[in-house]
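Asker: Have a look; sequence and predicted model below, questions after that.
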Amino acid sequence: MRGFALPFLLGTLLAAGAGPTLAQPVQVAAPAASTETPFRQTFEADARARLRVWSDEISDFNSRADAAGTTTDNAAGAELNTAWADTKVEEEKLEVAGADTWEQARATYDHAAQHFQTTLDRARAAL
């Protein structure tokens, strides 16, 4: 008898309008298509890690230059600062790029990162 009472009670409540949310199907929105691919996730994580390493290297370079009592000339220092700022900006653009613009953002970041590395190497050699 118990097995019959619950469905009968629910059916009566639904017919009386006591449970309109139960009577209507629930629609679940489909998840948005992710622009993240495993390659993109890995590349962006590597880019963030490179920036942290380079930040440490710049601090170390400045400390060594101060300890040696030397500084890079104004042009080299300005170029290093500009290259560093450009690389950080391009990494930020990489993080927010949509699926249709990510490859271009990646290429631009790669170019900025290479320019920064070359500039840092030149500044180290001058030290």
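Answerer: That came in fine, so what should we check first?
Asker: what number of residues lie near T119?
Answerer: 19 (other C-beta atoms under 10 Å). For every residue, glycine as well, the C-beta is placed using N, CA and C.
Asker: ok, it touching A83?
Answerer: Yes - T119 is in contact with A83 according to C-beta atoms under 8 Å; the separation is 4.2 Å.
Asker: what's downstream of the longest helix along the chain, the next helix or strand?
Answerer: Counting residues, the longest helix found in the chain (DSSP state H) is helix 38-68. Sequence order places helix 74-96 as the next helix or strand after helix 38-68, per DSSP states H and E.
Asker: List the buried residues for that next one?
Answerer: Within helix 74-96, the residues that count as buried by 16 or more other C-beta atoms under 10 Å are 76, 79-80, 83-84, 86-87, 90-91, 93-94.
Asker: what does whatever helix or strand E103 lives in contact?
Answerer: Here E103 is covered by helix 102-126, with elements defined by DSSP H and E. Helix 102-126 is contacted from outside by 35, 40, 43, 47, 50, 54, 57-58, 61, 72-73, 76-77, 79-80, 83-84, 86-87, 89-91, 93-94, 97, using C-beta atoms under 8 Å, 6 or more residues apart in numbering.
Asker: Can you give me the pLDDT of T101?
Answerer: The model reports T101 with a pLDDT of 96.
Asker: Got phi/psi on it?
Answerer: Phi and psi for T101, reported as degrees, to the nearest 10, are phi -120, psi 0.
Asker: Would you mind measuring the gap between the ends of stretch 88-106?
Answerer: Start-to-end span of stretch 88-106 (C-alpha to C-alpha, to the nearest Å) is 13 Å.
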